[in-house]
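Peer 1: sequence and predicted structure below; questions after.
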Amino acid sequence: MTDGKIRLLDRGVATSRPVAVLGLFIALVGAACSPGAGGGGGGGGTTTLTLAAVDNPQMADLKKLVPDFQSSHPNIQVKIITLPEDQLRVQVTEDVATKSGRYDLFTIGQYETGLWAKKGWIENLSPYIVKDSSYDPNDLIPGVHTALSYQGNVYAVPFYGESSMLMYRKDLLSAAGVTMPDHPTWDQVAAAAQKVNSSSVSGICLRGLAGWGELLGPLDTVVNTFGGRWYDQNWNAQLTSPQWKAAVGFYVNLLKTAGEPGAANAGFTECLNAYNGGKVAMWYDATVGASNFTGDVAKNSGYAYAPTKIKDWSGWLWAWSLAMPSSSKKKDAAWAFADWATSKDYIKLVGTKLGWAHVPPGTRTSTYALPEYQQAAGGFAQITVDSMAHADVTHATVDPVPYVGIQYVLIDEFQQLGDQVSQEITKVIAGGQTVDQALQKAQQYAAAVGKKYQS
Amino acid sequence: MKINVEFLPRSVVGSGGEQTAASVTRRESWARRLPLLPAFIYVVLVTQIPFVLTIYYSFFSWNLLKPDSFRFAGLENYGTLLSNESIRIAVWNTVLLTACVIAISVVIGLGVASLLNSEVFGKGLMRTLMIAPFLIMPTAGALVWKDTLLNPLFGLLPYLLTPFGLGRVDWVNQYPMVTVVAVEVWRWTPFMMLIILAGLQSQNPEILEAARVDGANAFQSFRRITLPLVRPFIELGALLGSLFVVQTYDSIFILTYGGPGEDTTNIPFLLYIVAFQGFNIGQASAIGVVAVIITIIVATFALRTLFSIFQVEARR
């Protein structure tokens, strides 16, 4: 969700000719019908697990600590394959949909967890959790716990979690005579942005880069708190509603009057660089952004909860989590590893071995009670854990909706729909069309998808 | 991809066999073909079987994300191709992109080739530098364009254009198609230049000399003698080039990701979106089949031109 950097890189190494790739892909799918592709058990009673993981710093730390796991589980070998977010999503989806069994474990977000649990593609982990008395599932942050559950059972265990918040430069804001409350409204934020905006420093950085994991992340939370929703209870698309127009109009207008230059290209990484370089005074994005601040910028930063309009607690929720395919033949070994990597002990192991700043955030409430972590995580730890605890994927909007999700809609079609809608809004930010034109087009896309759910 | 298989065995295996068919027995001719058979089988395996499967899947409604969606759909996927607006836009973008890139790069390529064909200082170095864009990986080239050259904040081009009041123009988002065309022209001009240069160098200097003696000026001899002579080479370059430009994907992925809106979504990029964002295998297969058909049509013209050049060469 957050790794704009990864997305960009991914574009760099992406496939060269889709026609050829599709052919190859289809051949793979065909071959996949015969199971037994994923590296065999090996000799001497050892089991080799293959884990497909997203390429982020927390996963790199996990890779470093695998020897610790192996010293207590000598007969389980763990092979971790890290992939950029987009490629991971495509590969794991192919693997699990065709039941090819290439991976015994993978990291997925709660978006995939919800969809795949329903299809029976991933294993119910609740029976495994019960067996381990020290796991303490009630310690998992409530919002995350709900998001990873289907019909009361947990289908993926969280490894890393985040919400969204407002980060701002205390020095710049006080120089302009602005004080930021802990729970600001979007109107206050907009007023502050316009007040501090100058020729050298922009008021606020917001994502404008197309993609459901880029622009739509923050924008969806704005739409939610403005009272908008993707669909009404009968799956009628609502993208031309006054609330959507108000929210998108507000977002685009804020970017145009006090936003960063070149906003249509700005994603997580670009905004982080702009903020770290002192080019913007505020930034609304993932809570993990703050752990990348450096120097004076880090010292002068203040943090506030996600800004609101009508709906309280508008922060998003994302959790990279470990899940196993239900077709796996090494479930006990896979659970042993997932259990270890998401346990309280793992948090402490990371803290003592790699430093407390390395601890994967946003998974367990107990992490935030550790004094060493509180010291290392600074001013935003409390905001992170509170935002995540209040982020409710089942009640994210003002009006009732037939779907689950905060910054996404929990349906198979959303990846493509979200990309298409975000493209239209990026075109508005770039000055290529009006808000009404963009939402008209977006409404058509959304209505076509909604129709499939009406029957 | 498809063309290779069509022509490789026939020209390499087939024609050799036919020549000697009268003198050698059937058995012997098979023995001669045998060493080539592994390569032939390999090519069929990796290119034709996926293609046949793609055709097969294009008649099915199959979304990878919907476990029970696999069912025979007849021509439904192709019907969608006709009615869907996104596909119409993608076809139009593909045509526009290909036509613009080929036309501009042929004109520039012809100009540069004419310069390099004359006696100028440092010709070898210039030729090497001119070819460079074609040798750079498309993704790497597109990244350099996007971040180093065109970035509205710290890019080189906006900086150079500041005196003209074009300093903060966000080229990639405000003029997406112009940007993609510019990058592709940059990439394909060397290709055109090389082919046209080969044509220029094959012309007989005596004819040009004769024209000069008859009183033709430089423009006249270029227009009346050089241009007709290199015409087949220009045609070949344009057709081979369009074969590749129709499939442009890398630079679009990097520069614009098909946007903003659908402004730069061409057929290959739409196929990527449908196959790998929507996981709609049936629909994506149908788009793939149509893309291959279009490519084959263009390729047929390209190869016909290629052969006509060789026939002319042979007649000399």
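Peer 2: That came through, no problem.

Peer 1: all the helices of the stretch 51-200 of chain A, residue numbers only.
Peer 2: A:57-72, A:85-97, A:110-119, A:126-131, A:142-147, A:170-175, A:186-196 (DSSP state H, counting those that start in this stretch).

Peer 1: tell me what the fifth one is packed against?
Peer 2: Same thing as helix A:142-147. With contacts taken as 3 or more Cβ pairs under 8 Å, 6 or more residues apart in numbering or on different chains; DSSP states H and E, helix A:142-147 sits against helix A:110-119, helix A:381-390. Placement of C-beta: from N, CA and C, glycine included.

Peer 1: how about it: buried residues?
Peer 2: Using 16 or more other Cβ atoms under 10 Å in any protein chain shown as the test for burial, helix A:142-147 gives A:143-147.

Peer 1: and the helices of the stretch 51-200 of chain A as JSON lines, adding distance to A:Val280 and mean pLDDT?
Peer 2: JSON lines is the format used below for the helices of the stretch 51-200 of chain A (distance: least, Cβ to Cβ, whole Å; pLDDT from 0 to 100):
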{"stretch": "helix A:57-72", "distance to A:Val280": "23", "mean pLDDT": "90"}
{"stretch": "helix A:85-97", "distance to A:Val280": "24", "mean pLDDT": "87"}
{"stretch": "helix A:110-119", "distance to A:Val280": "29", "mean pLDDT": "91"}
{"stretch": "helix A:126-131", "distance to A:Val280": "43", "mean pLDDT": "92"}
{"stretch": "helix A:142-147", "distance to A:Val280": "28", "mean pLDDT": "89"}
{"stretch": "helix A:170-175", "distance to A:Val280": "9", "mean pLDDT": "93"}
{"stretch": "helix A:186-196", "distance to A:Val280": "9", "mean pLDDT": "94"}
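
Peer 1: how near is B:Pro158 to chain A?
Peer 2: In this view, B:Pro158 and chain A are 10 Å apart by Cβ to the nearest Cβ, to the nearest Å.

Peer 1: how about B:Met126?
Peer 2: From B:Met126 across to chain A, the span is 30 Å (Cβ to the nearest Cβ).

Peer 1: does B:Gln203 touch B:Leu229 like I think?
Peer 2: Yes: B:Gln203 lies in contact with B:Leu229 (Cβ atoms under 8 Å); the separation is 4.9 Å.

Peer 1: who's more crowded, those two?
Peer 2: B:Leu229 (17 against 14; other Cβ atoms under 10 Å in any protein chain shown).

Peer 1: contact residues of the stretch 201-316 of chain B facing chain A?
Peer 2: B:247, B:249-250, B:253-254, B:257-263, B:268-269, B:271-279, B:281, B:284-285, B:288, B:291-292 (Cβ under 8 Å from any Cβ of the partner chain).

Peer 1: center of chain B - which residue?
Peer 2: Nearest to the mean C-alpha position of chain B, by Cα atoms, centre = their mean, lies B:Phe244 at 1.5 Å.

Peer 1: contacts for the host helix or strand of that one?
Peer 2: Assessed by DSSP states H and E, B:Phe244 sits inside helix B:227-245. Under the criterion Cβ atoms under 8 Å, 6 or more residues apart in numbering or on different chains, residues B:97-98, B:101-102, B:105-106, B:109-110, B:184, B:188, B:191-192, B:195-196, B:198-200, B:203, B:295, B:298-299, B:301-302, B:305-306, B:308-309, B:312 lie in contact with helix B:227-245.

Peer 1: same thing with stretch B:107-121?
Peer 2: B:123, B:126-127, B:130, B:185, B:188-197, B:200-201, B:222, B:226, B:230, B:234, B:237.

Peer 1: show me which of these are buried.
Peer 2: For the contacts of stretch B:107-121, buried by 16+ other Cβ under 10 Å: B:127, B:130, B:185, B:188-197, B:200, B:222, B:226, B:230, B:234, B:237.

Peer 1: in chain B, which helix has the most residues?
Peer 2: Secondary structure of chain B per DSSP state H: the longest helix is helix B:281-315.

Peer 1: who touches A:Ala389 in this structure?
Peer 2: Contacts of A:Ala389 (Cβ under 8 Å, 6+ apart): A:141-143, A:365.

Peer 1: for burial, what's the neighbour tally of the nearest residue to B:Phe301 once chain neighbours are set aside?
Peer 2: Spatial nearest neighbour of B:Phe301, excluding adjacent residues (Cβ to Cβ, 6 or more residues apart in numbering or on different chains): B:Leu239 at 5.3 Å. Counted with other Cβ under 10 Å, residues neighbouring B:Leu239 total 19.

Peer 1: cool, the one 10 residues further on as well?
Peer 2: Using other Cβ under 10 Å, B:Tyr249 is surrounded by 23 other residues.

Peer 1: same check on the one 5 residues further on?
Peer 2: Per other Cβ under 10 Å, the neighbour tally for B:Ile254 reads 24.

Peer 1: give me the distance between the nearest residue to A:Lys79 once chain neighbours are set aside and B:Thr80.
Peer 2: Nearest residue to A:Lys79, sequence neighbours excluded (Cβ to Cβ, 6+ apart): A:Thr50, at 5.0 Å. Relative to B:Thr80, A:Thr50 is positioned 37 Å away (Cβ to Cβ, to the nearest Å).

Peer 1: and A:Val154, what does it touch?
Peer 2: Here A:Val154 is in contact with A:124-126, A:129, A:137, A:145, A:148 (Cβ under 8 Å, 6+ apart).

Peer 1: buried subset of these?
Peer 2: With neighbours counted by 16+ other Cβ under 10 Å, the contacts of A:Val154 contain buried members at A:124-125, A:129, A:145, A:148.

Peer 1: backbone dihedrals for A:Leu322, please?
Peer 2: Main-chain dihedrals, A:Leu322, degrees, to the nearest 10: phi -100, psi 130.
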